[in-house]
Every structure is written in C-alpha cells, then in structure tokens.
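Participant: Have a look; sequence and predicted model below, questions after that.
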Amino acid sequence: MPAKRGDIVDRNGVKLAFSVDTKALTWAPKAVRKGAEQAKLNYDTLVQDVAKKIKSVLGDQVDEQDLLTRMRSENFSYLVQNVTPAQEKEITTAFPEVGSENRAVREYPGGTLATNIIGYANWRSEDKDVKKHSIHGLFGMENDRDSVLAGEAGSMKVDTQEGADGVIIPGSIREVTQAKDGSDIELTIDADVQYDLQRKLTDYVAKSGAKNGSAVILDAHTGEVYALANDKNFDPADSKGPNGTGNTEVTGDPAVSTPYEPGSVNKVVTAASVIDFGIAKPDDPITVPGSKKVADRTIDDAWPHGTLKMSVAGVFAKSSNVGTLELADEVGPDRYAEMLKRFGL
C-alpha cells in the first residue's frame, strides 16, 4: 500500500511538483491459460480480445502487436505502465484476467520552471523490498528531501483466489498497516519571480553570446532565496528525461556549486571614485604594467602581459587588478573610504 508523496510548493502555495496515482497493467500467462482451460475458452482468442480492448481504451499509448507478443509469451509481463485508474477499471472489468499494480507519476506543472532546484523523481521498483517501490528523487530537492517527501508504505495481508493473481477473497483482509503519506515542502522560491528571472536570463545569455549564465534574487536581510535561475533547464515532461542525470548543464546550480572569489565586485567602488572625483573619464588612457607591488605582495592580472595602454573603461572591462590599483592610488585612501560609505559598505 504505497504512501502518497508530498508536494513541493512555492512560498505562496503554488504547486511546483505533485503526484498522481496511476496503474500498471500486468499479464500472468500461466494463470490465465489455466483459467481459460477451466472455462473452456480459446486462449489465443482471449488474448486477441484483450489486446483489442486495451488498444480501444488507451489508443496511441500502446501498440496492439506488442501487446499480443507479450501475452503470447510464457513469462509474466507488464503490459502498460501509468494508465489512469478509470482506464484500468474499464479494462479489468471487461477482462478480469488483466492484473494491475499501483503506480504513481510525478507532475511538474511549471514545465522547466525551477527544475534546477526541484530536481526530478520517478517510480522506482528495482529494490527487492516491495515496500520501497514508489516514487523516489534522482537529484535536486526531490532527492535531497526524499525521506521527508516519500512517507512510509503500508501493508495488508489477504487471501487470494487460486490461479487468479491479485484477486482478493472478500472478508480475508487482515493485519492492515496504513500508509503514512509524505510531507509537503514549502520553498522560499516565488514562482512568478523565478519564471521572470529564468526568461530574462535565457534571453540575455543568447543576446550577449555568453557560454552560460546564472542569477539569484534573495532577501539580503533574511537570506531567503526568491529565485535561483540558470540559462539552461530541462523539461520533466520530456520522454527522454532530463538529458541524463549526469548532465550538470541542465541539472546543476552553478550559482551555488561553482563559487568564485567576489573581490572584483569591489572594483565598482574604484570605478565610481575615479569618475565621481573627476580623476579620469572612461575613455582616458592609462598605462598598466605587468604587475604592481603592494606592501609585501606582488599583484598580477589574471592573464600575463607586459606594459599595456588601456582605457579607464578597458581596465574595468578586463577586470585588471593592476590597472585598478593604479587608479586606486590616484583616488587615495580618504576619498576611497568616503565612497565606501556612500555605497553603504
């Protein structure tokens, strides 16, 4: 008795991920053949009728010839995964020989929205312990909080009719342990903000010709993240899955997984000082040596070079450490301290 997996919602309760109950149709040829013989039915005719019924209910979801091949085999098989309970009922009512098992699928109504945060989950049944056959996360929040979302499966003992897989004898149900449904998880993400950031970031990366991009919107006072976006995302509805879970281009979060030293951000203060105090204009030339000694350190640029002629704007465009220090010397410590205060630092 599988537990219902919890939902993942945004800060306003908008559902980002939720589960829908489905059924898998099964076929046990030995048991069905035995039942057909007892009822004096032609097995092959029964198989054809069943395949035709499943095709009429499910349409393009199945291939009739494939169904016939599976049912004519001597091995137990899953005929179809993830049919709706209503479809399962229509088929099994017409043909009780068709068995069914509980399944569930994970729905992501926002498509690519916040998939880098939410991650991905699907039905897993490879574990020998059938209690663990359920939806489980592969990566992202679905994986990181899997134990919270998954809940605990329940169980019951029953007697079944001989030769009729799964057909419960009325009144034989006993030792019932109810399933404990998983808990919902509320993120600090705002779905509308996340959507807008993803769209603008993707457009800007394409427009600028950048290799990639990431962006974060957060409350600087509380640290709550309202949006965390990459320019590349995957669509969970894609039948091929998220291009393989090892593809970190679509499943990773470079904004948090690929940190860098943010010291160059402070070059904005130097640039503002140079302009605001009238030391130089953006197009003015500046001589930039290959390195500069400051106290007991020798400062280099990220790329080796000899003495260069650069514009003031070029110094900051190339994020030249040496060029910035040359300009900072012109600003001086007092004016630099004043500009830091004006920036609120």
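Facilitator: On my side now, so go ahead. Treat the numbers as computed from the prediction; the structure is a model and nothing was measured.
Participant: remind me which residues of this structure are low pLDDT?
Facilitator: By pLDDT under 70, the weakly predicted segments of the chain are 161-167, 239-248.
Participant: in it, which spans are helices?
Facilitator: Counting by DSSP state H, the chain has helices at residues 29-38, 43-58, 64-72, 85-94, 115-118, 140-144, 146-150, 191-208, 248-251, 254-257, 267-276, 312-317, 321-331, 333-342.
Participant: So for residue 127, which of those sits nearest?
Facilitator: Distance to residue 127, taken as C-beta to C-beta, is lowest for helix 146-150 among the helices of the chain, at 12.3 Å. Bear in mind the C-beta positions are built from the backbone N, C-alpha and C, glycine included.
Participant: So for that closest one, what gets flagged as buried?
Facilitator: Neighbour-count burial for helix 146-150 flags 146, 149, 150 (criterion: 16 or more other C-beta atoms under 10 Å).
Participant: Those into CSV, with extra columns for distance to residue 75?
Facilitator: Below are those laid out as CSV (distance: C-beta to C-beta, whole Å):
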residue, distance to residue 75
146, 32
149, 34
150, 30
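Participant: List just the nearest of the residues you listed to residue 7.
Facilitator: Checking these against residue 7 by C-beta to C-beta gives residue 149 as the nearest, at 8.4 Å.
Participant: can you pull the contacts of that closest one?
Facilitator: Applying C-beta atoms under 8 Å, 6 or more residues apart in numbering to residue 149 gives the contacts 5, 6, 8, 121, 137, 142, 182, 183, 185.
Participant: Skipping adjacent residues, who's closest to the second one in space?
Facilitator: The spatially closest residue to residue 6, leaving aside those adjacent along the chain, is residue 182, at 3.7 Å (C-beta to C-beta, 6 or more residues apart in numbering).
Participant: related to what we said a few turns ago, out of the helices of the chain, the one nearest residue 133 is which?
Facilitator: Residue 133 lies closest, by C-beta to C-beta, to one member of the helices of the chain: helix 146-150, at 11.2 Å.
Participant: ok, and the closest non-adjacent residue to residue 186?
Facilitator: residue 9 (5.3 Å).
Participant: tally of neighbours for the one you found?
Facilitator: Residue 9 has 18 neighbours, counted by other C-beta atoms under 10 Å.
Participant: Look up how far residue 190 lies from it.
Facilitator: To residue 190, residue 9 is 11 Å away according to C-beta to C-beta, to the nearest Å.
Participant: residues contacting the closest residue to residue 276 other than its chain neighbours?
Facilitator: What sits nearest to residue 276 in space, not counting adjacent residues and going by C-beta to C-beta, 6+ apart, is residue 339, at 7.0 Å. Counting by C-beta under 8 Å, 6+ apart, residue 339 touches 269, 272, 273, 276, 331.
Participant: Pull out the buried members of those residues.
Facilitator: Buried, going by 16+ other C-beta under 10 Å: 269, 273, 331, out of the contacts of residue 339.
Participant: Quick check, the second one in contact with residue 334.
Facilitator: No - counting by C-beta atoms under 8 Å, residue 273 does not reach residue 334; the two are 10.7 Å apart.
Participant: show me where the stretch 151-300 of the chain has strands.
Facilitator: 155-157, 174-177, 185-186, 214-218, 225-230, 285-288, 291-294, 297-300 (DSSP state E, counting those that start in this stretch).
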